[in-house]
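Undergrad: Make a model of this:
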Amino acid sequence: MKNYHVLMRIMCKRGDCKRVGDLVKEMERSGCDMNAGKYEEAHVYVIGSADNLSYSSNANYSLLATLHLKNGNVLLASKVLSEMMDKGLKPNFSAYKKIRTHLEKKAEKDLSMELSRRYLSLIEK
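TA: Numbering: from 1, shown residues only. Okay, here's the model as predicted:
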């Protein structure tokens, strides 16, 4: 498991976040537990990289939000997207849409509408 995290960190530093997503899928298929307590560490990394790498930052934040969603934590996923948009970064549309859909299913329509409003304001710029 530790080797996967090392590979993911190297890929993110190189700006190859699509391969990180592919690696996460591979980990899930092979039965690796994504609940290894690395979310906080990943969050710290994503925040730290946000100032340096614009495209990679978008991908890193979107990936982190998607991982939280896959873990069943839609509110935390929504918080990650909000934090991202606070920095002027636009989330991956697929991640944004999935999180909004899950918020609506959880009767969190206000949060869903707030994400929508913020997302649209980023697109209009």
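Undergrad: Okay, now the unreliable bits of this protein?
TA: 1-7, 9, 17, 24-56, 125 (pLDDT under 70).
Undergrad: please redo it, this time with the cut-off set to 90
TA: Counting by pLDDT under 90, the chain contains low-confidence ranges at 1-68, 70-72, 84, 87-92, 106-108, 122-125.
Undergrad: can you map out the helices along it?
TA: In the chain, the segments counted as helices under DSSP state H are 2-13, 17-29, 39-49, 54-70, 74-86, 93-105, 109-124.
Undergrad: Now tabulate those in CSV and tack on mean neighbour count.
TA: Quick note: C-beta positions are derived from backbone N, CA and C, even for glycine. Shown next, in CSV, are the helices of the chain (neighbours: other C-beta atoms under 10 Å):
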stretch, mean neighbour count
helix 2-13, 14
helix 17-29, 15
helix 39-49, 15
helix 54-70, 21
helix 74-86, 20
helix 93-105, 17
helix 109-124, 13
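Undergrad: Quick check: Ser112 touching Arg100?
TA: Yes - counting by C-beta atoms under 8 Å, Ser112 touches Arg100, with 4.9 Å between them.
Undergrad: Would you mind measuring from Asp22 to His68?
TA: 19 Å (C-beta to C-beta, to the nearest Å).
Undergrad: What of Leu120?
TA: Counting by C-beta to C-beta, the gap from Leu120 to His68 is 22 Å.
Undergrad: Please save the CA atoms from stretch 67-78 in PDB.
TA: Coordinates of each C-alpha in stretch 67-78 appear next as PDB, following Å, rounded to 0.1, in the frame of the first residue of the first chain:
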ATOM      1  CA  LEU A  67     -12.200   9.800  -3.100                       C
ATOM      2  CA  HIS A  68     -14.200  11.300  -0.200                       C
ATOM      3  CA  LEU A  69     -17.400  10.700  -2.200                       C
ATOM      4  CA  LYS A  70     -16.400   7.000  -2.800                       C
ATOM      5  CA  ASN A  71     -15.900   6.700   0.900                       C
ATOM      6  CA  GLY A  72     -19.400   7.800   1.500                       C
ATOM      7  CA  ASN A  73     -18.600  11.200   2.800                       C
ATOM      8  CA  VAL A  74     -20.500  13.500   0.500                       C
ATOM      9  CA  LEU A  75     -20.400  16.500   2.900                       C
ATOM     10  CA  LEU A  76     -16.600  16.400   3.100                       C
ATOM     11  CA  ALA A  77     -16.400  16.000  -0.700                       C
ATOM     12  CA  SER A  78     -18.600  19.100  -1.000                       C
END
